[in-house]
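Visitor: what follows is a protein structure lacking sequence information:
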């Protein structure tokens, strides 16, 4: 009895499996190394009474230090965002936050009109700030 070599159909199947594995590996590397661009949710910013660029001081307590208020002429310093812990906020990071005023120093991030209505905040990248200026028009050009 002798070992039979794989015939052409078996070789073709093995080649196709190898190519599929290479393709999946390429897609995995692409997914890991490619950053997802920030896209501001227009409806969320239209619903907001205030839009700020701020550094998160304490995500669990909802404390942020406001650097700039973009939508009104309000002067804000340290404010409390009730639902900040429901966002992806990290201590020490800068974000663009659409806000709804609830009290003198109390705000909330309005829900985004997406499945589950999540409150979304955005990393304060150059691209996010460019989009914000575009969304708010001339008011952001102060």
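Guide: Right, received. Where do you want to start? What you see is a predicted model, and the numbers here were worked out from it, not measured in a lab.
Visitor: what mean pLDDT does stretch 27-44 get?
Guide: Per-residue pLDDT over stretch 27-44 has a mean of 79.
Visitor: pull the residues that contact it.
Guide: 96, 98, 110-114, 120, 122-123, 125, 127-128, 131-132, 135 (Cβ atoms under 8 Å, 6 or more residues apart in numbering). (C-beta placed from N, C-alpha, C; glycine too.)
Visitor: buried set for the helix ranked longest in the chain?
Guide: The residue-count maximum for a helix in the chain (DSSP state H) belongs to helix 8-33. The neighbour-count check on helix 8-33 (16 or more other Cβ atoms under 10 Å) flags nothing as buried.
Visitor: same check on stretch 92-107?
Guide: Residues 95, 96, 97, 98, 99, 100, 101, 107 are the ones in stretch 92-107 that count as buried (16+ other Cβ under 10 Å).
Visitor: so what touches it?
Guide: Stretch 92-107 is contacted from outside by 40-41, 44-45, 47-56, 64, 67, 78-82, 89, 108-110, 121-124, 128-129, 132, using Cβ under 8 Å, 6+ apart.
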